[in-house]
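Trainee: Starting from these lines, generate the structure:
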Amino acid sequence: CGLSVKGVVYISQLLEELILYGNGLTSEGMEHVMKIVRTRSATLRVLNVSANSISMAVISEALKHNTSLTKLWVEQCGLSVKGAVYISQLLNVNHTLQVLDMSWNPISDDGMAVISEALKHNTSLTELRVDRCGLSVKGAVYISQLLNVNHTLQVLDMSWNPISDDGMAVISEALKHNTSLTKLWVEQCGLSVKGAVYISQLLNVNHTLQVLDMSWNPISDD
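Mentor: Sure thing, here's the model as predicted:
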């Protein structure tokens, strides 16, 4: 279409949803996009900047003061632990954001640690997607700690992370007492029969969970 990022900013005054998936944006381009959030954001509710080489620092700083955006997608943006730190800072002060998808970013367990810490005190986020983020058992422990105290989160996708049976054990234990989560994805997480047992124990006592996706785990007939 020959439309530049600056052009998008110019026509953005009445936008409610802006999708810039895989548009080749860099930190410079993201600065222009964030002008929408900072100065013309009264109507913007949804922003998807996935699959771009962006600066999470710029996004985080803009959203600290934003009161309209409710959904943010930053999938596959090359975010590391440092990017997760910027997200955690945003979650500490933003009370509007409800959906955050940060899938396909190698934040690792250390990144999940800071996100979980922020979500222990956050009361607005209802959906978190951290599939394919390089989480192990340790990352599952951090998630279980947030599930123990957070009463707002309703949807959690932690698929394609090798948390194994031990990781499922701590998640299940936390969800025995959690009364807010209604949807859980744990696809391809390295769960065996043992992991299935932990899930069954959770299902025996949890009366809130409505959707459970545990596809691609070798739990077998047993």
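Trainee: need the contact list for the nearest residue to Tyr21 once chain neighbours are set aside.
Mentor: The shortest distance from Tyr21 to any non-neighbouring residue, by C-beta to C-beta, 6 or more residues apart in numbering, is to Ser50 (5.1 Å). (Glycine included, C-beta is placed from N, CA and C.) Contacts for Ser50 (C-beta atoms under 8 Å, 6 or more residues apart in numbering) come out as Tyr21, Gly22, Trp73, Val74, Glu75, Gln76, Cys77, Asp101.
Trainee: tell me the two of those that are most distant?
Mentor: Spanning the widest gap among these are Gly22 and Asp101, at 14.5 Å by C-beta to C-beta.
Trainee: Name the residue in these two with the higher neighbour count.
Mentor: Taking other C-beta atoms under 10 Å, Gly22 and Asp101 do not tie; Asp101 has more neighbours (19 against 13).
Trainee: Tell me the pLDDT of that one.
Mentor: Here, the pLDDT recorded for Asp101 equals 98.
Trainee: how close does it get to Ile54?
Mentor: For Asp101, the distance to Ile54 equals 14 Å [C-beta to C-beta, to the nearest Å].
Trainee: Now for these two: what residues contact both?
Mentor: Val74.
Trainee: Just give me the neighbour total for Glu127.
Mentor: With other C-beta under 10 Å as criterion, Glu127 counts 16.
Trainee: ok, it - contacts?
Mentor: Glu127 makes contacts with Gln98, Val99, Leu100, Asp101, Leu153, Gln154, Val155, Leu156, as judged by C-beta under 8 Å, 6+ apart.
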